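*Asks:* Structure, please.
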Amino acid sequence: MERLVRILIALADTQDRGLSARRLGRIAGYSVDTDSGLSALRRDLRALRRHGWAIVSDGGDGAEGHYRLRAQDNRMALLLTAGEQHALQEALRSSAADVPVPPAQLAELERAVEQRCLTRFSYRHKRRTVHPHTLHNGPSGWMLRGREVESDVVKEYVVRRMTGSVEIDLPGSAAVPEPVPRHSFNPMTWLVDPPVDVLLSTTADYEPEVLRVMTGARVVDRDGDELRVLVPVTNRVAFRSRLFELGLRVRVVGPPAAREAVLGVLHSIVAGDG
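*Replies:* Modelled structure (predicted):
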């Protein structure tokens with residue numbers, strides 16, 4: 001899974017420039033100069049394409065290929081099987097489906113979201129007062145997301161289940177929603193463990209590779225050819241995976257607890273327990 005994520009992150013970072021097959025192979029851990037390495041890279045790319053990622057190549061899928069990731073909404077590919085996607089396409093082509101009439105409250109709710117108006121409506125036999133955040137179309141139809149005043153909890157309301165009229169206050173009367181954190185595809189950024197800064201030692205020759213592999217790392221000291229690199233760690237498993245990928249290019253300097261944890265894992269591997 002991490003290998004596939006590394007491929008996606010690398011392609012997303014390069015945007016329109018793309019990556020050569022050899023470069024993408026090295027990022028995935030394969031040598032595309034060999035038939036087995038090239039076949040393994042092709043297999044990973046097929047898996048990503050099968051799940052909706054639009055990865056295209058200018059030079060085919062051989063060693064001379066040059067890959068780019070095109071912007072594409074892949075939610076349908078993730079939710080539907082190949083047969084279901086085909087059936088949906090046939091249904092759309094026949095165009096016999098009826099377009100549902102928008103709920104009567106939709107225009108008022110849209111204005112409430114755009115102008116940040118405190119909103120009142122009846123929902124499941126209770127009167128609600130809501131600071132509206134977003135209005136979007138989901139599996140159950142149009143839905144309003146917002147923070148309910150009565151419970152102080154962010155909830156989603158199906159618009160067609162609202163009864164009666166919708167009342168909105170003056171523009172600016174609703175609170176500004178707190179920003180929703182974006183979840184990265186990079187496991188090094190996931191907040192899994194208590195954060196800790198780990199200090200690594202490397203050389204100038206390996207500086208670009210260490211900074212690329214260790215997300216968020218920065219050089220904090222230089223002494224001749226030796227560098228000290230500080231890495232913020234919030235996912236220990238991902239950090240150790242990247243650390244072992246770098247191998248002898250880096251050395252853990254501190255803190256002592258982090259160094260002992262890495263040594264413990266290595267001892268377990270040598271002993272056949274890990």
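*Asks:* from here on, contacts and neighbour counts on C-alpha atoms
*Replies:* Noted.
*Asks:* Tell me how many other residues crowd the spatially closest residue to R42 that is not a sequence neighbour.
*Replies:* Excluding its sequence neighbours, the residue lying closest to R42 (C-alpha to C-alpha, 6 or more residues apart in numbering) is D61, at 6.9 Å. Number of residues near D61 (other C-alpha atoms under 10 Å) recorded here: 17.
*Asks:* same check, this time on S201
*Replies:* Neighbour tally, S201, other C-alpha under 10 Å: 20.
*Asks:* Beyond the helix or strand where it lies, next helix or strand please.
*Replies:* When elements are assigned from DSSP states H and E, S201 belongs to strand 196-203. Using DSSP H and E, the next helix or strand after strand 196-203 towards the C-terminus is helix 207-213.
*Asks:* buried residues in that next one?
*Replies:* For helix 207-213, burial by neighbour count (16 or more other C-alpha atoms under 10 Å) applies to E207, V210, L211, V213.
*Asks:* Show me which pair in those is furthest apart.
*Replies:* Across these, the longest distance by C-alpha to C-alpha is 10.1 Å; it joins E207 and V213.
*Asks:* how about the helices in this protein?
*Replies:* Secondary structure of the chain (DSSP state H): helices at 2-14, 21-28, 35-50, 75-79, 82-94, 106-115, 207-213, 236-246, 256-271.
*Asks:* tell me the most buried of those helices?
*Replies:* A comparison of the helices of the chain by mean neighbour count, using mean count of other C-alpha atoms under 10 Å, puts helix 21-28 on top with a mean of 20.
*Asks:* tally of neighbours for S165?
*Replies:* Neighbours of S165 (other C-alpha under 10 Å): 12.
*Asks:* Which residues are in contact with the residue nearest to it when sequence neighbours are not counted?
*Replies:* In this structure, S165 finds its nearest non-sequential neighbour in F121, 6.6 Å apart by C-alpha to C-alpha, 6+ apart. Residues in contact with F121 (C-alpha atoms under 8 Å, 6 or more residues apart in numbering) are R127, R128, T129, M162, T163, G164, S165, V166, E167.
*Asks:* and of the residues you listed, the nearest to P195?
*Replies:* T129 (37.9 Å).
*Asks:* Who does that closest one form a beta bridge with?
*Replies:* Beta bridges link T129 to R120 when assigned by DSSP bridges.
*Asks:* Can you read off the pLDDT for it?
*Replies:* pLDDT, T129: 95.
*Asks:* check contacts around it.
*Replies:* L118, T119, R120, F121, E148, V149, E150.
*Asks:* The closest residue to L243 other than its chain neighbours: neighbouring residues, count only.
*Replies:* Distances taken as C-alpha to C-alpha, 6+ apart put V250 closest to L243, at 7.6 Å, once the chain neighbours are dropped. Residues lying near V250 (other C-alpha under 10 Å) number 20.
*Asks:* V250 and A204 touch, don't they?
*Replies:* No. Using C-alpha atoms under 8 Å, V250 is not in contact with A204, being 11.0 Å away.
*Asks:* coming back round to it: list phi and psi for the residue nearest to L243.
*Replies:* V250 has phi and psi values of phi -130, psi 160 when expressed as degrees, to the nearest 10.
*Asks:* do you know how far it is from V113?
*Replies:* Counting by C-alpha to C-alpha, to the nearest Å, the gap from V250 to V113 is 51 Å.
*Asks:* Give me the ChimeraX select line for the contacts of T129, limited to the buried ones.
*Replies:* The ChimeraX command for the buried members of those (criterion: 16+ other C-alpha under 10 Å) is given here:
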select :118,119,120,121,148
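*Asks:* Can I get the contacts of T129 in TSV including pLDDT and distance to S140?
*Replies:* Putting these into TSV (pLDDT from 0 to 100; distance: C-alpha to C-alpha, whole Å) gives the following:
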residue	pLDDT	distance to S140
L118	94	24
T119	95	21
R120	95	21
F121	94	18
E148	93	20
V149	92	24
E150	88	24
